[in-house]
Each structure stands twice: as structure tokens, then as C-alpha cells.
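# show me how the following folds:
(one chain, ligands or ions: 3)
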Amino acid sequence: MVSLVLQLQMSGPGSGPGTGNHGLRPEPPVRHAGILRGFPVRTARPLAERRRGVLRTAYDRPMTESSPTTPEAPAPEGTAPYGTGAQAAPQRRVRIPHLMQMKERGERWAMLTAYDMYTAEIFDEAGIPVLLVGDSAGNNVYGFETTVPVTVDHLVPLTRAVTSAAKRAMVVADLPFGSYQASPQQALATATRFMKEGLAHAVKLEGGAPMVPEVELLVRAGIPVMGHIGFTPQSEHVLGGYKVQGRGAGADRLMEDALALEAAGCFAIVMEMVPAPVAAGVTEALRIPTIGIGAGPHCDAQVLVWQDMAGLRGGRAPRFVKKYADLRTALRDAATAYAVDVAGGSFPAPEHSFES
Ligand SMILES: Nc1nc(=O)c2c([nH]1)NC[C@@H]1CN(c3ccc(C(=O)N[C@@H](CCC(=O)O)C(=O)O)cc3)CN21
Ligand SMILES: CC(C)C(=O)C(=O)O
Ligand SMILES: [Mg+2]
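Ligands and ions are numbered 1, 2, ... in the order given. Now for the predicted structure:
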């Protein structure tokens, strides 16, 4: 059985040269410009119809012998046509056309954050198609309370670790607070560091219509951009705390922000803490995928911070979190057992020791 994701990668619009994130917006056919030019225009099907195939993606099944990350045969047409660097690339990378095609087909997918090599490797093996090196590293790696203190220098090495370890996943780097809002030029300089030093495949930035000049310049320069609207944690002090956005009149603004980002060339948009019906409306209105976190079940994709998803972090989790494991307990038990063995002299045993 070849996984669905693999099938679509072998047959998708990105199979040939000249698609993907090239063909960058020479003349704007306004709403559907940007890196999406050249895609078959989605026929206007009702949301319910588009959702029908939803439970048939590779991600809804437990991974068995046919993980989407272990293709049965290499697909040489997916490798770079002008050489592959020091070593050959045996597996095809998830690219923007694949995400577009999943939206076309109503196949939902999952994004996770990753900040290091092992989690990147593991989530890649699990078939997670997009990994986000989030500025949530602030409060999940570096021990800050929020994402506000995070710098580019904090995130670039983590991005490099994740891109080095993930063979199939597209790796998106979050631009941290203060590293892109000053001007499109600042945004380009920062995003360029993530592409060159972090080897990211795309970047993400927070904000709606006001970020259009930044998004346009990055896309023109060849850098795919993921948007992020609704609750934007970098602006928590302006927003007045961790609050649902897009209620009441805010719904119209959220829609305008989403449409403006799509027109500017974003390839996907994160919607954080938005009422489910509002997120459903935005998802229906956009050609590009929406990625929800606390935005209900009708987004094209979902994202969670991995330490929330896997139950590593303590304390009360936000409402939108579902805990799929209890790594905190597992690790604490392991550390306790290790310490007990050392104290009691049962570790190291002869098999862990060297003869003279
Ligand atoms: N571990 C972690 N998970 C995240 O989802 C996350 C981060 N860190 N860091 C960056 C941002 C911050 N995020 C957050 C953090 C807290 C809430 C929160 O406390 N929400 C409450 C209140 C909602 C309300 O007031 O209506 C909730 O119960 O969901 C939400 C989003 C999302 N991101
Ligand atoms: C929660 C996601 C969307 C994020 O921005 C992050 O992890 O930093
Ligand atoms: Mg973030």
C-alpha cells in the first residue's frame, strides 16, 4: 500500500519542473497571485462536499509498514535537476503544491512544532508533512514566559537542527518578535538568515493586512510565507492577553486579513483562537490551506506545540490542546528508576562495564 501522501507527491502538480515556488507573481491577478500561480483553480464546491474525503488521509491511520516517509521506490524526478549537493536526496520533500492538492481533495493534515533533531526525525517518520520551528521555543525550550524575548539567534540553530533531521517534511521557521515588523527590508534580511543559515523551506510571520508589504517582498525574493492571524502571541500586550479573536465585528476583519495575505502570496495561514464558524468561513473563502489552533474542526490543517500534544509540559494547557501521550510521567519515571538503580548499585551492571 502506497500512502496517500506519497501518491499525491508522485502525481501532484509539483512533479514536473517549473511548478512549486517559482513563477512568482509578475502581474497580479489579484486574489490568487503569488506562488500559487499555475495551479488548477479550485472549482467552487460546497464545504461539506470538500470535506467528504477527510477521514481517508494517511494521517488518520496508525503508521504501519507504509509510512509516508518510507516510499517504496525513490522518485528521481523530485530531486534537484542540477545536482543534489554532497549527498543524493533519496526521498521527496513535501512542497507547497502538495499542500494545495490536499486542500483540493479535502484531505486534512497535521503540523507540529519541532525544535531539535530527534523530534524532527520522529515526526517526519510519523508522516507529519509540515514542521514548524516555532517562536514558542521561547516558553518550551528557553524557559521564557512568552515568545516576546525570542531572537533570531535563538531560532536559527534550532531551525538548522530540524531541517537537517527531517527528510520529508517541509520546515517552516517562525520569525520572532521584532525581527520583521520594522520594514519589508528587515523582514527580508531576517527571512534570508533563516533560509541560508537555518536551511528553512519557508518562514511564518504574525499579522494580517498590515503585513502585506513584508509578505510581498519575501515572496518576490523567493521565500514562501505562512501567515498567522487571530490571536498572535507576539502582540499579546496589545491584544490584552490570551483571548479569542474574530468575534463579532472582528470576524470581518479576520476575513479581510486572510484575503489580503492570500493575495500577497502566502501559501498557508495559521488561525489561532478564532471561533469555529468564523474559521470555517475563512477556510471556505481561501484557495490556500488554513491551519487551525483553537480554530475549530473546519480548517484544512491543525497545528499543536509538540510538548502540549505529547504531554511533556506541566501545568494547565489551553483549551485547544489534546494530550496524545504522557511523556512527562514517562520521563519522570525513567529518571527516578535510573536514580534508584544508581543509589542501590544495580546500575551499572557488568554488561555496562568494560573488562581490563
Ligand atoms: N506550549 C505552548 N503551546 C502553545 O499553544 C503556544 C505556546 N506554547 N507558546 C506560544 C503560543 C502562546 N499560545 C497560547 C498560550 C496560552 C493560551 C491560553 O492560555 N488560552 C486559554 C485562555 C483562552 C481565553 O481566554 O479564552 C485557554 O483556555 O485556551 C492560548 C494560546 C499558543 N502558543
Ligand atoms: C502555535 C504555533 C502556530 C506557533 O506560532 C508557534 O509554535 O510558535
Ligand atoms: Mg509562533
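# helix/strand/coil for Arg220?
Three-state call for Arg220 (DSSP: H, G, I helix; E, B strand; the rest coil): helix.
# quick check: pLDDT value at it.
Looking at Arg220, its pLDDT is 98.
# and for it, the neighbour number?
Applying other C-beta atoms under 10 Å, we find 15 residues neighbouring Arg220. Heads up, the C-betas are built off the backbone N, CA and C, glycines and all.
# buried stuff in the host helix or strand of Leu259?
If you go by DSSP states H and E, Leu259 is part of helix 250-264. Buried positions in helix 250-264, judged by neighbour count with 16 or more other C-beta atoms under 10 Å: Ala251, Leu254, Met255, Asp257, Ala258, Leu259, Ala260, Leu261, Glu262, Ala263, Ala264.
# does the last one touch Val212 like I think?
Yes - contact status for Ala264 versus Val212: in contact at 4.4 Å, counting by C-beta atoms under 8 Å.
# coming back round to it: quick one: the helix or strand just after the helix holding Leu259 near ligand 2?
Using DSSP H and E, the helix or strand that follows helix 250-264 in sequence is strand 268-272. Yes - Strand 268-272 is in contact with ligand 2 by C-beta under 6 Å from any ligand atom, via Val270.
# cool, and stretch 171-190?
Yes - Stretch 171-190 comes into contact with ligand 2 (C-beta under 6 Å from any ligand atom), by way of Asp174.
# which parts of this protein sit against ligand 1?
Within the chain, the positions adjacent to ligand 1 are 136, 139-140, 147, 233, 242-244, 305, 307-308, 313, 318-320 by C-beta under 6 Å from any ligand atom.
# name the nearest of those residues relative to Arg92.
Closest approach between the residues of the chain next to ligand 1 and Arg92, by C-beta to C-beta: Val305, at 27.1 Å.
# what about the closest one, how many neighbours?
Using other C-beta under 10 Å, Val305 has 22 other residues around it.
# please apply the same query to Ala317.
Residues near Ala317, counting by other C-beta under 10 Å, number 16.
# again with Ala334
Using other C-beta under 10 Å: Ala334 sits among 11 other residues.
# what about it, which helix or strand?
helix 327-344.
# residues of that helix that come out buried?
By neighbour count with 16+ other C-beta under 10 Å, helix 327-344 contains the buried residues Leu327.
# stretch 234-252 too?
Neighbour counts using 16+ other C-beta under 10 Å place Gln234, Glu236, Val244, Gln245, Gly246, Ala251 of stretch 234-252 among the buried residues.
# quickly check: it near ligand 2 or not.
No - under the criterion of C-beta under 6 Å from any ligand atom, ligand 2 is not reached by stretch 234-252; the shortest gap measures 8.8 Å.
# how far away from the center of its chain is that stretch?
Put simply, stretch 234-252 sits 22 Å off its chain's centre (C-alpha atoms, centre = their mean, to the nearest Å).
# got the end-to-end distance for it?
End-to-end distance for stretch 234-252: 22 Å, by C-alpha to C-alpha, to the nearest Å.
# residues in contact with that stretch?
Stretch 234-252 has contacts (C-beta atoms under 8 Å, 6 or more residues apart in numbering) with 135, 146-148, 176-177, 206-207, 229-233, 253-254, 271-275, 278-279, 281, 294, 318.
# which ones among these also lie next to ligand 3?
Asp135 (C-beta under 5 Å from the ion).
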